[in-house]
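Participant: just the structure for this:
(one chain, ligands or ions: 1)
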Amino acid sequence: MTTNAQSKLAARYGAPEVSPLQQWNETIDQLLEHRSVRAFTDQPLPDGTIEALIAAAQSASTSSNLQVWSVVAVQDFDRKSRLSKLAGNQTYIRQAPLFLVWLADLSRVSRVAEQHGVELEALPYLESLLLGTIDAALAAQNAVVALESLGLGSVYIGGIRNDIEGVAKELRLPPQVYPVFGLCVGYPSTERPAKVKPRLPQEAVLFHEVYSAVGKQNVIAEYDERLGAFYDREGMKAGSWSEQVVSRLSNVSSLHGREELLGKLARMGFGLR
Ligand SMILES: Cc1cc2nc3c(=O)[nH]c(=O)nc-3n(C[C@H](O)[C@H](O)[C@H](O)COP(=O)(O)O)c2cc1C
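Facilitator: This is a model prediction of the structure:
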């Protein structure tokens with residue numbers, strides 16, 4: 001590995017002493033540089049950007065080639081503002097020139113079946129909801145990789161699920177379609193450049209042959225320290241990773257309306273057997 005590659009790997013794990021990787025190329029190099037961008041310049045996107053990102057998204061694998069996802073590209077400022085309000089007032093939704101709303105979309109296959117006069121007995125199951133959600137996520141991540149290769153930045157917006165019925169109304173979504181997440185896209189501001197956020201050590205996430213969490217406590221404690229040091233370096237006030245996990249998940253109020261998802265999805269036409 002080159003010194004440059006080794007420093008990227010060290011940033012990814014917040015660990016200067018991390019063992020070098022034996023495999024490295026330009027794609028891995030770019031992937032390891034990912035960071036969420038929450039401040040954008042007002043530079044518009046070049047013509048054809050959306051289409052290029054969607055071609056990349058459509059190149060992702062899709063379960064049984066069903067392609068049960070869609071995306072709404074929002075550029076209108078007022079609509080972005082309304083979506084921002086629905087997603088917990090996250091200002092960067094308004095600021096980014098492009099806001100992509102990624103959808104699990106079972107409506108298209110339902111229309112195909114209707115044309116054939118066939119009832120889709122296998123559709124109203126939780127499995128279909130997972131199918132659409134997984135497809136949408138894989139497609140979106142391909143778009144993220146593509147946009148980063150073009151010098152653009154992005155941040156996913158899970159807050160779009162705070163009020164999926166409100167979002168459906170705003171985007172005129174038909175039944176059997178729900179917004180999985182949003183994605184703000186634009187040129188990263190150079191005033192507040194985002195940094196690579198260290199991840200858990202591989203020992204915490206990678207198991208060989210069988211799962212085993214035995215003896216992993218010290219791995220987490222070590223990561224708490226590394227992430228804490230990262231936040232200190234960046235002048236950010238944030239608890240350790242363990243504290244963040246607990247504060248994010250110990251109370252239903254942190255779900256901001258998403259605790260009602262099951263009922264909302266049922267009302268939006270998803271069968272959840
Ligand atoms: C599905 C999903 C939803 C997310 N939702 C939000 C969000 O609503 N607001 C936000 O600021 N960041 C959101 N993020 C970004 C994460 O906070 C971010 O990816 C994580 O902290 C790791 O940082 P990094 O992407 O810079 O490596 C989301 C990420 C994912 C994958």
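Participant: what values do phi and psi take at V74?
Facilitator: Main-chain dihedrals, V74, degrees, to the nearest 10: phi -110, psi 120.
Participant: roughly how far does it sit from I160?
Facilitator: Taking Cβ to Cβ, to the nearest Å as the measure, V74 and I160 are separated by 11 Å. (Each C-beta comes from the backbone N, C-alpha and C, glycine too.)
Participant: now do the shared contacts for these two.
Facilitator: 83, 101 (Cβ atoms under 8 Å, 6 or more residues apart in numbering).
Participant: count the neighbours of the nearest residue to S149 once chain neighbours are set aside for me.
Facilitator: Spatially, and ignoring its direct neighbours in sequence, S149 is nearest to Q30 (6.1 Å; Cβ to Cβ, 6 or more residues apart in numbering). Neighbour count of Q30, defined by other Cβ atoms under 10 Å: 13.
Participant: wait, Q30 sits on E148?
Facilitator: Yes: here Q30 reaches E148: they are 6.3 Å apart, a contact under Cβ atoms under 8 Å.
Participant: check contacts around the residue in the stretch 1-150 of the chain that the ligand sits nearest to.
Facilitator: Closest to the ligand within the stretch 1-150 of the chain is S36: 3.5 Å, counting by Cβ to the nearest ligand atom. S36 sits next to 153-156, 194, 197 when contact means Cβ under 8 Å, 6+ apart.
Participant: hmm, try it at 6 Å
Facilitator: Contacts of S36 were listed using Cβ atoms under 6 Å, 6 or more residues apart in numbering, and they are V155.
Participant: any idea which element it lies in?
Facilitator: Counting by DSSP states H and E, no helix or strand carries S36.
Participant: who has more neighbours, V74 and I160?
Facilitator: A count of neighbours by other Cβ under 10 Å puts I160 above the other of V74 and I160, at 27 against 19.
Participant: and that one, what pLDDT?
Facilitator: For I160, the model assigns a pLDDT of 98.
Participant: skip the chain neighbours and tell me the closest residue to it.
Facilitator: Nearest non-adjacent residue to I160 (Cβ to Cβ, 6+ apart): G182, at 4.3 Å.
Participant: quick check on the one you found: phi, psi?
Facilitator: phi -100, psi 170.
Participant: can you count the residues close to it?
Facilitator: As a burial measure, G182 scores 31 neighbours (other Cβ under 10 Å).
Participant: spit out the contact partners of it.
Facilitator: G182 sits next to 99, 101, 157, 160 when contact means Cβ under 6 Å, 6+ apart.
Participant: any idea which helix is longest in this structure?
Facilitator: In the chain, with assignment by DSSP state H, the single longest helix is helix 126-149.
Participant: the spatially most central residue of the chain: which element?
Facilitator: Residue closest to the mean C-alpha point of the chain, counted by Cα atoms, centre = their mean, is Y156 at 4.2 Å. Assigned by DSSP H and E, Y156 falls within strand 153-157.
Participant: counting neighbours, which bits of that strand end up buried?
Facilitator: By neighbour count with 16 or more other Cβ atoms under 10 Å, strand 153-157 contains the buried residues 153-157.
Participant: name the residues of the following helix or strand past it that are buried.
Facilitator: The first helix or strand that comes after strand 153-157 along the chain, using DSSP H and E, is helix 164-171. Under the neighbour-count criterion of 16+ other Cβ under 10 Å, helix 164-171 has 164-168, 170-171 buried.
Participant: contacts for helix 164-171 next, please.
Facilitator: Residues outside helix 164-171 that contact it (Cβ under 6 Å, 6+ apart): 72, 82, 86, 160, 178-179, 264.
Participant: those also near the ligand: which ones?
Facilitator: Among these, no residue is within reach of the ligand (Cβ under 6 Å from any ligand atom).
Participant: G269 contacts Q176, correct?
Facilitator: Yes: if you go by Cβ atoms under 6 Å, G269 and Q176 touch, sitting 4.3 Å apart.
Participant: now the residue in the stretch 101-250 of the chain that the ligand sits nearest to: closest residue in space that isn't a chain neighbour?
Facilitator: Nearest residue of the stretch 101-250 of the chain to the ligand: G158, at 3.1 Å (Cβ to the nearest ligand atom). Excluding the flanking residues, the one nearest G158 by Cβ to Cβ, 6+ apart is F181, at 5.1 Å.
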